[in-house]
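In: sequence-free structure coming up:
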């Protein structure tokens, strides 16, 4: 599958890239949802820069 990935902090134009990933295998009681389109929102830009108020665990 194709996914947007941020591997380091910086300006979104420089650090957000499309990458190929394996399709995840759902566990018990889970399912995989195919998303055809998704919007970026305000918090995505400061999060890419490492400036958002609450940092996700993956960027700490």
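Out: Cool, got the structure. Note that the structure is predicted; figures quoted are calculated from it, not measured.

In: From now on I want contacts and neighbour counts done on CA atoms only, so please keep to that.
Out: Fine.

In: Whichever strand or helix holds residue 17 pairs with which strands, and in what direction?
Out: Take DSSP states H and E as the rule and residue 17 turns out to sit in strand 16-20. Strand 16-20 has its sheet partners listed here by DSSP bridges as strand 2-6 (antiparallel).

In: Who are the packing partners of the next helix or strand after the strand holding residue 17?
Out: Using DSSP H and E, the helix or strand that directly follows strand 16-20 along the chain is helix 44-49. If contacts are counted by 3 or more C-alpha pairs under 8 Å, 6 or more residues apart in numbering; DSSP states H and E, helix 44-49 sits against helix 12-15.

In: Pull out the buried residues from the helix it packs on.
Out: In terms of neighbour count (16 or more other C-alpha atoms under 10 Å), helix 12-15 has its buried residues at residue 12.

In: How far does it sit from its chain's centre?
Out: Averaging C-alpha positions (C-alpha atoms, centre = their mean, to the nearest Å) puts helix 12-15 12 Å from its chain's average.

In: Any idea how far apart the tips of stretch 9-21 sit?
Out: Counting by C-alpha to C-alpha, to the nearest Å, you get 20 Å between the two ends of stretch 9-21.

In: show me where pLDDT drops low in the protein?
Out: Low-confidence regions of the chain, defined here as pLDDT under 70, cover residues 55-56, 58-60.

In: number of nearby residues for residue 48?
Out: Taking other C-alpha atoms under 10 Å as the neighbour definition, residue 48 ends up with a count of 22.
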